[in-house]
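Participant: okay, here's the prediction I keep looking at, along with the sequence it came from:
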Amino acid sequence: MSRAVVATAFGGPEVLSIVNVDDGPPGPGQIAVDVRAAGVNPADWKMYGGEFGTKMPLPMRVGMEASGIVTAVGADAVGPRGPIAVGDEVILYRINGGYADRLVVDAASAVPKPSNMTFEESSGLMLTGVSAVHMLTATGVEQGDTVLIHGASGGVGQMAVQLALSRGARVIGTGSAARQDVVRGLGAEPVTYGDGLADRVRALAPGGVDAALDTVGADEAIDVSLELVADRSRIATIAAFPRGFEAGIKVLGGGPGADAGTDIRNAARLDLVDLVAAGKLSVAIAAVYSLTQVVDAQRAIMTGHTAGKIVLVP
């Protein structure tokens, strides 16, 4: 038996419970993994909170990404980078039920964990990383572009900054006054959000802004993006779903009607681990909670003000 976090109803973090589960041995094409860390994401609470609909069966296991060590393999257990063996250190994404001690998952969800990354860091790489790749790809960011990233000090924001810079773009990143050093440390030019944001961005980029990525979902982020970027196809949001559709910009991710970008996100997984292995991409950890502190971890991620990833460990 192992432990897993489940939502017993749709609602706030209070609907979460830790229960004993027995997933059994891995079947054909599956692997069993001892979880060492699980990434916590806004999409997790939005899922059990009902923002993505309430038709999913309950109880619902929670968590879309994790990392750990393979303890058993089924027949033909082959991942995106080849056969998987007992003892391999892996990152799992996209999965159901990452908040757990042990998982049995399809081998197709497992990619090798870079040796220069901790389990905690690696558990927070994938969802933010593939989301950032999706946004940059959808808006066509390339060398020479000037990109405005809203929420640059958050989990997806930090990934988007690093990946945009690796494409040769210039990045201006919004954040609070307290987090300007975080944004600057990533290589972006920081600007505080709030009244006058558009003018502050214009002062930094009098030649104009080519693309804008919204990871926050605030009206200000959408308003300023529309004001500064002439081509609406080069504005993307992963958070402002109704407003994004109304504005005619690209709405990406798991929200109702959004472009899930499944092929782009799946293909990005190996690129992300290769960038980490090459020392060109990193994950900042904001806080680590134990599995028994899952409610506290959810409340922290729900604030929307974390500087990096929140992680659960067994």
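Facilitator: Thanks, I have the structure now.
Participant: Met56 versus the spatially most central residue of the chain, what's the distance?
Facilitator: The centroid of the chain falls nearest to Thr128 when counting by C-alpha atoms, centre = their mean (2.2 Å). Noted for Thr128: a distance of 23 Å to Met56, by C-beta to C-beta, to the nearest Å. No exception for glycine: its C-beta is placed from N, CA and C like everyone else's.
Participant: if we can go back for a sec, may I have the phi/psi pair for the residue nearest to the centre of the chain?
Facilitator: phi -70, psi -40 (degrees, to the nearest 10).
Participant: which residues sit against the strand or helix carrying Ile172?
Facilitator: Using DSSP states H and E, Ile172 maps to strand 170-175. Applying C-beta atoms under 8 Å, 6 or more residues apart in numbering, the contact partners of strand 170-175 are 144-153, 157, 161, 164-165, 182-183, 186-193, 197, 201, 204-205, 209, 216, 221.
Participant: buried stuff in that strand?
Facilitator: 170-175 (16 or more other C-beta atoms under 10 Å).
Participant: now these in TSV, with pLDDT and distance to Glu120?
Facilitator: What follows is these, written out as TSV (pLDDT from 0 to 100; distance: C-beta to C-beta, whole Å):
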residue	pLDDT	distance to Glu120
Arg170	98	31
Val171	98	26
Ile172	98	30
Gly173	98	24
Thr174	98	27
Gly175	94	23
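Participant: and the contacts of the helix ranked longest in the chain?
Facilitator: Longest helix of the chain, by residue count under DSSP state H: helix 262-277. With contacts defined as C-beta under 8 Å, 6+ apart, helix 262-277 is touched by 80-81, 91, 93-94, 111-117, 122, 125-126, 129-131, 133-134, 137-138, 163, 166, 281-283.
Participant: report the distance from that helix to the chain centre.
Facilitator: Centre-to-centre, helix 262-277 and its host chain are 12 Å apart (C-alpha atoms, centre = their mean, to the nearest Å).
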